[in-house]
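Peer 1: Below is the sequence, then the predicted model.
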Amino acid sequence: TPPAPVDLVLPCLNEAAALPWVLGRVPEGWRAVVVDNGSDDGSAEIAAAHGAHVVTESRRGFGAACHAGLEAATAEFIAFCDCDASLDPGLLPAFAARVSSGAADLVLGRRRPARGSWPLHARLGNAALAHSLRRRTGLPLHDLGPLRLARRTALRELGLTDRRSGYPLQMVVRAAEAGWRVEERDVPYLPRTGTSKVTGTWRGTWQAVHDMRRVLAAAGTEAR
């Protein structure tokens, strides 16, 4: 069997309700890599029943799950998407076209929220971090959303070390340091279906902001 053109990594923690819709939207010919990060609602079994390749990551953390997916991927291109039905993986072929043509090295989804999809405190935290990222890297980015696509081997060469909420920010910072062409594309942000809504709480948002500020503070000073 020829390798899939893109491996789509879906970090998963108790997303049984959302998985059927998400996996049903995976582009034809792509491989869905669902990284189960400690679910107790049967998410792993549902993912396998819908044809996904399931990876187990026992260490909790968004970055730990994403990186386990990166390690398990084999395709030339790798994409990431949340597994709670807030983002449509069916939009990713347009991202792949930009990277495969050489127009960009990393494409991110800039979330355009539907009503009720993005709590104000989470939106404000994201905006503040995006502002800090623009000052730090000079990249004209407005969102640190999880929908993204790049070449797998190039992404591995960035040597990402964060295993918490700072993982997506560290990816962009190191891509900028490496001279990558990074761009955004507008994507709809939908009300979430999944049960794992940690980042929808004040506590979860504060923890994510703390993790990302830690990554920004370390950028440029850590040993590479």
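Peer 2: Yes, it's here. Numbering: from 1, shown residues only.
Peer 1: tell me the centre residue of the protein?
Peer 2: Pro146 (3.1 Å; CA atoms, centre = their mean).
Peer 1: is it true that that residue touches Asp82?
Peer 2: Yes. Between Pro146 and Asp82 there is a contact at 4.9 Å, judged by CB atoms under 8 Å. (Each C-beta comes from the backbone N, C-alpha and C, glycine too.)
Peer 1: what ranges do the strands span in the chain?
Peer 2: Ranges of strands in the chain, per DSSP state E, are 6-12, 31-36, 53-56, 77-80, 106-113, 148-151, 182-189.
Peer 1: May I see those arranged in JSON lines, with mean pLDDT, distance to Arg134 and mean neighbour count as well?
Peer 2: Shown next, in JSON lines, are these (pLDDT from 0 to 100; distance: least, CB to CB, whole Å; neighbours: other CB atoms under 10 Å):
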{"stretch": "strand 6-12", "mean pLDDT": "97", "distance to Arg134": "26", "mean neighbour count": "28"}
{"stretch": "strand 31-36", "mean pLDDT": "98", "distance to Arg134": "30", "mean neighbour count": "26"}
{"stretch": "strand 53-56", "mean pLDDT": "98", "distance to Arg134": "34", "mean neighbour count": "18"}
{"stretch": "strand 77-80", "mean pLDDT": "98", "distance to Arg134": "21", "mean neighbour count": "26"}
{"stretch": "strand 106-113", "mean pLDDT": "95", "distance to Arg134": "13", "mean neighbour count": "21"}
{"stretch": "strand 148-151", "mean pLDDT": "98", "distance to Arg134": "17", "mean neighbour count": "24"}
{"stretch": "strand 182-189", "mean pLDDT": "96", "distance to Arg134": "11", "mean neighbour count": "18"}
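Peer 1: Kindly reformat those as CSV and extend each row with distance to Met171.
Peer 2: Putting the strands of the chain into CSV (distance: least, CB to CB, whole Å) gives the following:
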stretch, distance to Met171
strand 6-12, 12
strand 31-36, 16
strand 53-56, 19
strand 77-80, 9
strand 106-113, 8
strand 148-151, 8
strand 182-189, 10
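Peer 1: between the ones you listed, which one is nearest to Leu139?
Peer 2: strand 182-189 (5.3 Å; CB to CB).
Peer 1: starting at the chain centroid, how far to that closest one?
Peer 2: Averaged C-alpha coordinates place strand 182-189 at 12 Å from its chain's average position (CA atoms, centre = their mean, to the nearest Å).
Peer 1: again, but for stretch 129-148
Peer 2: 14 Å.
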